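K.L.:
Here is my input; please provide its structure:
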Amino acid sequence: METKFDEEPSLDFDNREFSALAVLFPDELHYLRSIASVMELAADVPVITEGQQARELYLVKSGMLMVSKRHGDEIFEVGSITPGDIFGEASILYDAPAGAEVRTTEPTVLYTIPANEIREILKTNERFQRSLSQLAERRSAASALAVNPVFTTLPQAVREIALYNGRFLSINEGETLIREGDTDTRFMYLVLGGEAEASMRHPKDPNKKIVFARVSSGDEVGEISVITGKAHVATVTALTPLRLMMINNDSVEAWRKRHSDFGYSLYACVQRKLQHSLEAIRNIVGEDMAKAITTDTLPPLASKHHPEKDAD
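P.N.:
Okay, here's the model as predicted:
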């Protein structure tokens with residue numbers, strides 16, 4: 001629902017009003033002004049729906065919007081968007097459906113610029129491409145941290161540190177992120193976009209695999225080795241182009257020691273995943289072998305792999 005305001009908003013926006021536009025050349029900024037349109041919206045109006053293919057870049061002139069994301073059966077509020085912010089950049093960059101809903105919380109004025117026009121500028125302005133990519137990555141990571149049931153137990157300040165120190169990774173469809181038996185356990189990952197599958201080699205037929213999980217935006221990957229201290233127990237393969245945030249496991253260990261709720265939540269997450277894996281393979285390899293490679297690898301809660309319990 002659109003609403004009319006007493007005065008027609010000016011299209012004379014600049015890079016002081018919108019810092020994300022600071023890397024544009026004067027002629028590019030002038031061109032965007034010439035093609036931009038104005039949206040005047042009442043409160044509680046969805047601008048972007050999760051799963052929708054956004055076709056415009058939005059610049060917030062006034063008002064406020066709330067970003068919410070579905071994860072499992074729950075919907076989480078993951079952030080707000082205020083004057084001077086832009087949004088819709090991820091769909092433009094990755095040509096992918098929106099990963100969250102954006103809805104007005106009060107009367108709001110937006111400038112809108114067609115996605116195709118933004119893509120044309122991105123082709124020739126590498127600084128603009130890099131600026132929008134960094135914004136999209138940080139927003140995706142903030143959303144993933146906000147909806148992930150393990151990381152939501154951390155204080156907001158710690159999540160912000162994780163976001164600041166996180167590294168980002170993209171892999172193509174069909175590529176392997178983690179391979180079963182890998183001993184490189186320096187990182188765990190948060191999925192920011194795309195889907196992947198977790199599988200194990202079939203013990204009786206090397207040409208087959210046992211798929212026991214799918215992961216998507218907001219899910220964690222690689223955390224089992226943090227708790228067990230052992231090599232990775234599954235291969236994780238991208239089913240679509242996959243964007244991830246890498247989190248150093250030294251940081252994860254430090255958070256486990258300092259924040260008991262996080263430590264318990266991470267342990268319980270691993271316990272559930274190993275139990276799920278056991279149920280997926282027990283009829284194929286037998287109960288004893290299934291336990292040996294899944295639930296039996298889980299150390300007791302009070303152990304060197306879960307030091308915060310001993311510290312209580």
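
K.L.:
Do a quick rundown of the helices in the stretch 151-300 of the chain.
P.N.:
156-165, 224-228, 249-258, 260-285, 287-293 (DSSP state H, counting those that start in this stretch).

K.L.:
Buried deepest among the ones you listed, which one?
P.N.:
helix 224-228 (a mean of 22; mean count of other CB atoms under 10 Å). Glycine gets a C-beta too; all of them are placed from N, C-alpha and C.

K.L.:
Please put the alpha-carbon coordinates of that helix into CSV.
P.N.:
The C-alpha coordinates for helix 224-228 follow below in CSV (Å, rounded to 0.1, in the frame of the first residue of the first chain):
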residue,chain,number,x,y,z
ILE,A,224,31.4,-31.7,14.7
SER,A,225,35.2,-31.8,14.6
VAL,A,226,35.4,-28.9,17.0
ILE,A,227,33.7,-31.1,19.7
THR,A,228,35.1,-34.5,18.8
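
K.L.:
Would you pull up how far that helix lies from the middle of the chain?
P.N.:
Here helix 224-228 shows a centroid-to-chain-centroid distance of 21 Å under the convention CA atoms, centre = their mean, to the nearest Å.

K.L.:
One more: stretch 259-272?
P.N.:
Per CA atoms, centre = their mean, the centroid offset for stretch 259-272 relative to its chain is 20 Å.

K.L.:
Name the residues that touch it?
P.N.:
149-151, 153-155, 158, 220, 223-224, 226-228, 252, 255-257, 295, 298, 301, 306, 308-309, 312 (CB atoms under 8 Å, 6 or more residues apart in numbering).

K.L.:
Please report how far the residue nearest to residue 56 when sequence neighbours are not counted lies from residue 35.
P.N.:
Closest residue to residue 56 apart from its sequence neighbours, by CB to CB, 6 or more residues apart in numbering: residue 112 at 4.5 Å. Counting by CB to CB, to the nearest Å, the gap from residue 112 to residue 35 is 10 Å.

K.L.:
So which of those two has more stuff around it?
P.N.:
More crowded of residue 112 and residue 35, by other CB atoms under 10 Å: residue 112, with 17 against 11.

K.L.:
Doesn't the more buried one belong to a strand?
P.N.:
Yes. Judged by DSSP: H, G, I helix; E, B strand; the rest coil, residue 112 forms part of a strand.

K.L.:
I am assuming it contacts residue 55, so please confirm or correct that.
P.N.:
No. Applying CB atoms under 8 Å as the test, residue 112 and residue 55 come out as separate, 9.2 Å apart.

K.L.:
mind showing which ranges of this structure have poor pLDDT?
P.N.:
Across the chain, the ranges flagged by pLDDT under 70 are 1-12, 302-312.

K.L.:
let's go with 50 and repeat that
P.N.:
Residue ranges of the chain with pLDDT under 50: 1-10, 304-312.

K.L.:
what does the strand or helix carrying residue 60 contact?
P.N.:
Assessed by DSSP states H and E, residue 60 sits inside strand 56-62. By CB under 8 Å, 6+ apart, the residues outside strand 56-62 that reach it are 9, 13, 18, 36, 38-39, 47-48, 81-89, 92, 102, 107-115, 118.

K.L.:
Can you give me the domain assignment for the protein?
P.N.:
The chain breaks down by automatic domain parsing into domains covering 19-140, 151-311.

K.L.:
re earlier: next, format the helices of the stretch 151-300 of the chain as a markdown table and append distance to residue 183.
P.N.:
Formatted as a markdown table, those follow (distance: least, CB to CB, whole Å):
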| stretch | distance to residue 183 |
| --- | --- |
| helix 156-165 | 24 |
| helix 224-228 | 9 |
| helix 249-258 | 13 |
| helix 260-285 | 18 |
| helix 287-293 | 15 |
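
K.L.:
Which one of these lies nearest to residue 197?
P.N.:
Closest of those to residue 197 is helix 260-285, at 12.1 Å (criterion: CB to CB).

K.L.:
that older thread, which among the contacts of strand 56-62 count as buried?
P.N.:
13, 18, 36, 39, 47-48, 81, 85-89, 92, 102, 108-113, 115, 118 (16 or more other CB atoms under 10 Å).

K.L.:
Give me the subset of those lying in helices.
P.N.:
Judged by DSSP state H, the subset of those located in helices is 89, 92, 115, 118.

K.L.:
Phi first, then psi, for residue 45.
P.N.:
Here is the backbone geometry of residue 45 (degrees, to the nearest 10): phi -120, psi 120.
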